[in-house]
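Peer 1: Here is my input, please return the structure:
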Amino acid sequence: MSKLRTVTKYIFVIVTVIAILLMVVSVIAGISIFRQRPERKTASVWSQGGGMGCSHVAVYARGARPSGKSTPSAYTDDGTSLSLDDVNSIRLSLQSVVDLTLGTRRATKDKIEKLEGWADCYSSSLNGPVTAVRVGSEDSFDADIYAVGGSFTAMHPLEFMSGGFLSPVTTDKYQVVLNDALAWKMYSSYDVIGERVKLLDKDYTVIGVVREHEDKEPRAYIAFECIEEYCSSLEDPVVPAVMTYEAILPEQAKGSAKFDVCNAIPGYNISSPSYRVVSVTGRYNVFNTFKADATAGYELPFWEEGAVKAESEIKTVAIVFSFGLVMLAGLAIGKLSSLFGQGEEE
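Peer 2: Model prediction:
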């Protein structure tokens, strides 16, 4: 009997240690995943010094690519796709909401020239060759080309290796920012400001090199109006679809920013949504990861693919933590039952 009790004691200790280790490792892993996501704090950075909290909301729409990612994503119809006109409509609606929230009044215009009290950005992408324009050399590399507008870096923190990023307002639209992977492939250097590259049938001047949080696939960033120009020059012209729209808005109550964005989207039907609307702020809360929106049918940009992966990883560590907790609770109940049983025998 004493040997059995000794073995049982050792098993109890080993299982207890395993349960505690599972919980500790899962907590450390979860914190690490959370801290690696740069977008988790974009809203709090934006709202610093203000009297009201803000929330970051992202909208993912659909488009049509007749020949895969090498062709621009084309606008299809209301309720499914977003165009630049739709973005202007969303901006007008959201500016009115922000004015009402902040207690200001403004005359309504057909187009918002400057956002006040909030920020937004939008983007689309395609894959294509980026060619170095140099005397005696024209090295070309396939890269993802992101056409962006608005305050893109406010929602997507980037590490600048050299130069800067695209300005929302510029006199020279033919400017490009390379990520570090593409710059190194093309020039074996990050000090490439002023170099000329060719993409989408036009020559662009490199104004910056950035390092992203995500994977190291070659990427280039251009102004959204450049992809508009490219789409209009095609043999069969198309209207480029805005694949992603994002906004950082003042939030009076929990969930109000997402509600305001949904109401501002032309053709949005809350009972049967055809857009994927995500509250980026707070998305890595353990409970929120189990309520994540479905991604099927949407072509997600690289940063959202990384975010979805992070949500999945956080769910996994939460399950592991829960398993360890259940093990520990079971051991505690078993130990208490054993002690009570011994007390009754005595």
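Peer 1: which stretches of this structure form strands?
Peer 2: Using DSSP state E, the strands assigned to the chain run over residues 54-60, 119-132, 140-150, 159-163, 175-179, 196-199, 202-211, 219-223, 244-250, 276-279.
Peer 1: strands paired with the longest one, and their directions?
Peer 2: Strand 119-132 has its sheet partners listed here by DSSP bridges as strand 140-150 (antiparallel), strand 196-199 (antiparallel), strand 244-250 (antiparallel).
Peer 1: ok, Gly149 touching Ala223?
Peer 2: Yes. Contact criterion C-beta atoms under 8 Å: Gly149 and Ala223 qualify, at 6.8 Å. Every residue, glycine included, has its C-beta placed from N, CA and C.
Peer 1: what stretches of the stretch 1-150 of the chain score poorly on pLDDT?
Peer 2: Along the stretch 1-150 of the chain, segments meeting pLDDT under 70 span 1-8, 48-51, 105-110, 135-138.
Peer 1: redo that, cut-off 90
Peer 2: For the stretch 1-150 of the chain, the stretches flagged by pLDDT under 90 are 1-20, 33-53, 65-69, 76-80, 100-117, 132-140.
Peer 1: how does this structure divide into domains?
Peer 2: Here the domain parsing of the chain from automatic domain parsing is 2-37+306-345, 38-283.
Peer 1: Mean neighbour count, those: which tops it?
Peer 2: domain 38-283 (a mean of 18; mean count of other C-beta atoms under 10 Å).
Peer 1: before we move on, back to that, including distance to Phe12, could the strands paired with strand 119-132 go into JSON lines?
Peer 2: Below are these laid out as JSON lines (distance: least, C-beta to C-beta, whole Å):
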{"stretch": "strand 140-150", "distance to Phe12": "54"}
{"stretch": "strand 196-199", "distance to Phe12": "65"}
{"stretch": "strand 244-250", "distance to Phe12": "52"}
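Peer 1: Among those strands, which comes closest to Leu82?
Peer 2: Closest to Leu82 of the strands paired with strand 119-132 is strand 244-250 (C-beta to C-beta; 6.1 Å).
Peer 1: CA atoms of the closest one as CSV?
Peer 2: Only the C-alpha atoms of strand 244-250 are listed here, as CSV (Å, rounded to 0.1, in the frame of the first residue of the first chain):
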residue,chain,number,x,y,z
THR,A,244,-9.0,47.3,-48.4
TYR,A,245,-10.3,50.4,-46.7
GLU,A,246,-9.3,51.3,-43.2
ALA,A,247,-10.1,54.1,-40.7
ILE,A,248,-9.1,55.2,-37.2
LEU,A,249,-12.1,56.8,-35.7
PRO,A,250,-13.1,58.3,-32.3
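Peer 1: what about the longest helix in this protein?
Peer 2: Criterion DSSP state H: the longest helix present in the chain is helix 302-345.
Peer 1: for that one, what is the average pLDDT?
Peer 2: For helix 302-345, mean pLDDT is 81.
Peer 1: Run the angle between it and strand 219-223 for me.
Peer 2: With axes from the mean of the first three to the mean of the last three C-alpha atoms, to 10 degrees defining the directions, helix 302-345 sits at 120 degrees from strand 219-223.
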